[in-house]
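[1] have a look; sequence and predicted model below, questions after that.
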Amino acid sequence: MHCCANCFAHPWLKDYVTDRHKLVGACDFCNSIEVPILPTDELALPFHRMLSMYTEADTFERGETLLSLVQGHWAVFDDSLDEDQQASLLEEIANADWDDDDGMPMVDAQGLYMTNASDLFRQTQGDVWDEFCDAVRTDPDVPIPFDDFIAEELAESEESLQAGTKSYRCRLGFHLEDYEKSPWNGVDIGPPPANSALAGRANADGQVVLYVADDEKTAVSEVRPALGLYVSVAELKLKRDCRILDLTKELPELNPFERDNLGWFLGIRDLLTRLGDEMARPLERNDDKTLYMPCQRLADYIRQNAYDGIRYPSALNPGGTNVVFFDPAVAEVIESNLVKVTVVNFDYERHKGFSEQTLAASKTWTERTDDAK
């Protein structure tokens, strides 16, 4: 049987059919006429790559039809085909090279499937990282769960920063002399000395690194100023080229029809997202230094792989980005300015750990307190 480019919504598949066709005629699936057509078996290999990330569901509750999964994940088929036509084309392609001697069942487009990562006995790299984050807070010596080949995949998020690249760093307050305010400058707004360096996302107590933001607003947000406070803002520039791991980088679109081990690459991308989330996570308790242990171990790992720093999302200015440089002398302060905070916005959500009864009791206690004033 033959299909045509009109059967597909995915751009790569449309081009694949158009570029490889040897016949012009009627499509057996969408009924287009006088169009370039391709035998369905010539699409078997690309489709098997895409389908490698799915397995038959072990329970009804965990399954979705294979057709709905591939359409939801990859938008494979054109909407001009109804569901039966899409299912028929998927099965025709996927089963084109089926051999009843290999013990594998034929693909059923309407059968219940799930992604391989959904299997209870399989874990993504992101799942392994989450387990490490829990474990390292009680056992600081637990090995970081990255094999050597992970370092090669992380390079997909590598970025080079040129000498002269600007960034921003803030410090609350100002220098006061003869009743005149002036911003902190030079070493007063740079990284602290080793005997004053407190533990942070990418450093342990006494370890000096340089935290900066890519824009001024993010830098101000990161020091959590209250309304009306003055903040010193320094502009810095890199003194040399730097190689960083950018955990905010938008990765190229993944083509499921060209990638072997598709599930692996999707897992790596999921891992990169979770690493960025972990680096951005604000402290829930300022006195709990164990909360930064996963990030500190991650920073050590990145440093050992010859990176100069890490870019990560800002939790305090959504959309903003921060960079931590492992060498605190990698940048120099150009100038400083003094700003005054004029607006502070807060978003919040109800803590789900409390029961409705607890919240009601808290509300009643607050009302009683107010009445007593």
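    Looks like it arrived, so ask away.

[2] okay, now the unreliable bits of the chain?
    Along the chain, segments meeting pLDDT under 70 span 61, 99-103, 117-123, 283-288, 351-373.

[3] residues contacting the residue most central in space within it?
    When CA atoms, centre = their mean is applied to the chain, the residue found nearest the centroid is residue 273 (1.8 Å). When contacts are counted by CB atoms under 8 Å, 6 or more residues apart in numbering, residue 273 touches residue 126. For the C-beta atoms, the positions are set from N, CA and C on the backbone; glycine is no exception.

[4] all helices of the stretch 201-350 of the chain, in order?
    Along the stretch 201-350 of the chain, counting by DSSP state H, counting those that start in this stretch, helices occupy 216-222, 262-280, 293-304.

[5] picking up where we left off before, any idea how far the residue nearest to the centre of the chain is from residue 53?
    Taking CB to CB, to the nearest Å as the criterion, residue 273 is separated from residue 53 by 17 Å.

[6] same thing with residue 135?
    Remark: distance between residue 135 and residue 53 (CB to CB) = 28 Å.

[7] so between those two, which is more surrounded?
    More neighbours surround residue 53 than the other of residue 135 and residue 53, with 24 against 15 (other CB atoms under 10 Å).

[8] isn't that one right up against residue 113?
    No: counting by CB atoms under 8 Å, residue 53 does not reach residue 113; the two are 9.8 Å apart.

[9] tally of neighbours for residue 110?
    If you count neighbours by other CB under 10 Å, residue 110 ends up with 13.

[10] repeat for residue 342
    Using other CB under 10 Å, residue 342 is surrounded by 7 other residues.

[11] which of the helices of the stretch 201-350 of the chain sits closest to residue 310?
    The stretch from these with the least distance to residue 310 (CB to CB) is helix 293-304; that distance is 5.7 Å.

[12] and residue 41, what does it touch?
    For residue 41, the contacting residues are 93, 96, 97, by CB under 8 Å, 6+ apart.

[13] one more pass at 6 Å, please.
    When contacts are counted by CB atoms under 6 Å, 6 or more residues apart in numbering, residue 41 is found next to residue 96.

[14] list the buried residues of stretch 255-264.
    By neighbour count with 16 or more other CB atoms under 10 Å, stretch 255-264 contains the buried residues 255, 256, 257, 259, 262, 263, 264.

[15] identify the residue spatially nearest to the first one, adjacent ones excluded.
    Closest residue to residue 255 apart from its sequence neighbours, by CB to CB, 6 or more residues apart in numbering: residue 12 at 5.5 Å.

[16] wait, isn't the one you found in contact with residue 256?
    No: shown here, residue 12 and residue 256 do not form a contact pair, counting by CB atoms under 6 Å, at 8.9 Å.

[17] what's the domain layout of the chain?
    Domain segmentation of the chain under automatic domain parsing yields 2-118, 125-340.

[18] need those in a markdown table (columns: distance to residue 349).
    Shown next, in a markdown table, are the domains of the chain (distance: least, CB to CB, whole Å):
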| stretch | distance to residue 349 |
| --- | --- |
| domain 2-118 | 28 |
| domain 125-340 | 13 |
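
[19] of these, which is nearest residue 347?
    Here domain 125-340 is closest among these (CB to CB), at 9.2 Å.

[20] for that closest one, measure first residue to last.
    One end of domain 125-340 to the other measures 44 Å (CA to CA, to the nearest Å).

[21] and for stretch 339-347?
    End-to-end distance for stretch 339-347, by CA to CA: 23 Å.

[22] and if you look at stretch 318-338?
    23 Å.

[23] same deal with stretch 29-47?
    Distance across stretch 29-47, first residue to last, is 17 Å (CA to CA).

[24] same check on stretch 107-126?
    End-to-end span of stretch 107-126 (CA to CA): 29 Å.

[25] same check, this time on stretch 236-247
    Note: stretch 236-247 ends 21 Å apart using CA to CA.

[26] before we move on, back to that, quick one: closest of the helices of the stretch 201-350 of the chain to residue 320.
    Nearest to residue 320, of the helices of the stretch 201-350 of the chain and by CB to CB, is helix 216-222 at 3.2 Å.

[27] buried sites along that closest one?
    Using 16+ other CB under 10 Å as the test for burial, helix 216-222 gives 216, 218, 219, 220, 221, 222.

[28] same check on stretch 55-74?
    Neighbour counts using 16+ other CB under 10 Å place 55, 57, 63, 64, 65, 66, 67, 69, 70, 71, 74 of stretch 55-74 among the buried residues.

[29] and those residues, which is closest to residue 301?
    Among the buried residues of stretch 55-74, residue 55 lies closest to residue 301 (CB to CB), at 31.3 Å.

[30] where along the stretch 51-200 of the chain do the helices fall?
    Under DSSP H, counting those that start in this stretch, the stretch 51-200 of the chain gives helices at 66-74, 83-94, 125-136, 148-154.

[31] now the ones you listed as CSV including distance to residue 304?
    CSV is the format used below for these (distance: least, CB to CB, whole Å):
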stretch, distance to residue 304
helix 66-74, 35
helix 83-94, 43
helix 125-136, 16
helix 148-154, 9
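
[32] which one of those helices lies nearest to residue 18?
    Closest approach to residue 18 among the helices of the stretch 51-200 of the chain (CB to CB): helix 83-94, 16.5 Å.

[33] picking that back up, just the helices of the stretch 201-350 of the chain: most buried one?
    helix 216-222 (a mean of 21; mean count of other CB atoms under 10 Å).

[34] and it, what other elements does it pack with?
    The contact analysis (3 or more CB pairs under 6 Å, 6 or more residues apart in numbering; DSSP states H and E) places helix 216-222 against strand 166-172.

[35] and the strand it packs on, what's buried?
    Neighbour counts over strand 166-172 (16+ other CB under 10 Å) mark 167, 168, 169, 170, 171 as buried.
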